[in-house]
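**Q** What follows is a predicted structure for the sequence shown.
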Amino acid sequence: MSDKKDRLGQEIDIRNVDRERLKLNSADLPGLVEFATSASSALIRPEDEGKIKSRALRAMHQQTANQMDQLMEQMRPLIEQAAKLKKRVEISEKIYTAKMSVDPIIGKTYYLYLQKDDTYILSIISPSEWGQTSPYKEFEAMVVLNADHTWDVI
């Protein structure tokens with residue numbers, strides 16, 4: 001401390017100052033450096049890069065999962081419509097390969113049955129009208145003929 005007192009009030013010898021070292025310890029724009037530039041600066045702790053990436057990755061997965069759920073919810077009605085359309089095509093194909101003893105009338109309800117010989121038949125008689133003695137192997141579908149000659153499965 002006495003050494004400090006001795007130097008107090010004395011002039012600084014510029015020739016003994018290492019200017020290059022001083023440049024390393026100072027900055028032109030101190031607010032843009034990643035380290036504290038003075039003793040009164042805010043404490044800066046380095047972040048764990050792994051933690052930062054892990055949090056970002058977790059947030060990204062959560063966000064994309066939410067978006068995927070939203071898309072699935074929007075697709076659900078389309079999937080249901082596609083399933084109904086597929087069923088309608090399958091039944092229509094069976095109807096057009098079926099034996100028809102009547103000329104179908106637009107808007108009238110018909111019943112498609114699988115016969116014991118594994119062929120199809122289109123009938124105007126419903127399963128309830130046959131009672132316990134249905135002559136068919138299986139009831140397939142109740143259908144209505146549309147004006148465009150497509151069939152709606154009811």
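**A** That came in fine, so what should we check first?
**Q** Report the central residue of the chain.
**A** By CA atoms, centre = their mean, the chain has its centre lying nearest to residue 68, at 1.2 Å.
**Q** Just to be sure, that one is in a helix?
**A** Yes: counting by DSSP: H, G, I helix; E, B strand; the rest coil, residue 68 falls inside a helix.
**Q** And the longest strand belonging to the chain, what's buried?
**A** Longest strand in the chain, counting residues (DSSP state E): strand 138-145. Neighbour counts over strand 138-145 (16 or more other CB atoms under 10 Å) mark 139, 140, 141, 143, 145 as buried. C-beta: built from backbone N, CA, C; applies to glycine.
**Q** and the fourth one, what does it touch?
**A** Shown in contact with residue 143 (CB atoms under 8 Å, 6 or more residues apart in numbering): 91, 95, 109, 110, 111, 112, 151, 152, 153, 154.
**Q** run the last query once more with 10 Å
**A** 88, 91-92, 94-95, 104, 108-112, 122, 150-154 (CB atoms under 10 Å, 6 or more residues apart in numbering).
**Q** So for stretch 74-86, what gets flagged as buried?
**A** Of all the residues in stretch 74-86, not one is buried under the rule 16+ other CB under 10 Å.
**Q** could you give me the average pLDDT of stretch 118-132?
**A** For stretch 118-132, the mean pLDDT works out to 91.
**Q** CA atoms only for it - export them in PDB, please.
**A** Output of stretch 118-132 as PDB, limited to C-alpha atoms (Å, rounded to 0.1, in the frame of the first residue of the first chain):
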ATOM      1  CA  ASP A 118     -72.200 -67.000 -53.400                       C
ATOM      2  CA  THR A 119     -73.900 -64.900 -56.000                       C
ATOM      3  CA  TYR A 120     -75.900 -61.700 -55.300                       C
ATOM      4  CA  ILE A 121     -79.500 -60.900 -55.800                       C
ATOM      5  CA  LEU A 122     -81.400 -57.600 -55.600                       C
ATOM      6  CA  SER A 123     -84.800 -57.900 -54.000                       C
ATOM      7  CA  ILE A 124     -87.700 -55.600 -53.000                       C
ATOM      8  CA  ILE A 125     -88.300 -57.700 -49.900                       C
ATOM      9  CA  SER A 126     -86.600 -56.600 -46.700                       C
ATOM     10  CA  PRO A 127     -84.900 -58.900 -44.200                       C
ATOM     11  CA  SER A 128     -87.700 -58.300 -41.600                       C
ATOM     12  CA  GLU A 129     -90.400 -59.400 -44.200                       C
ATOM     13  CA  TRP A 130     -88.600 -62.800 -44.500                       C
ATOM     14  CA  GLY A 131     -88.900 -63.500 -40.800                       C
ATOM     15  CA  GLN A 132     -87.000 -66.600 -39.600                       C
END
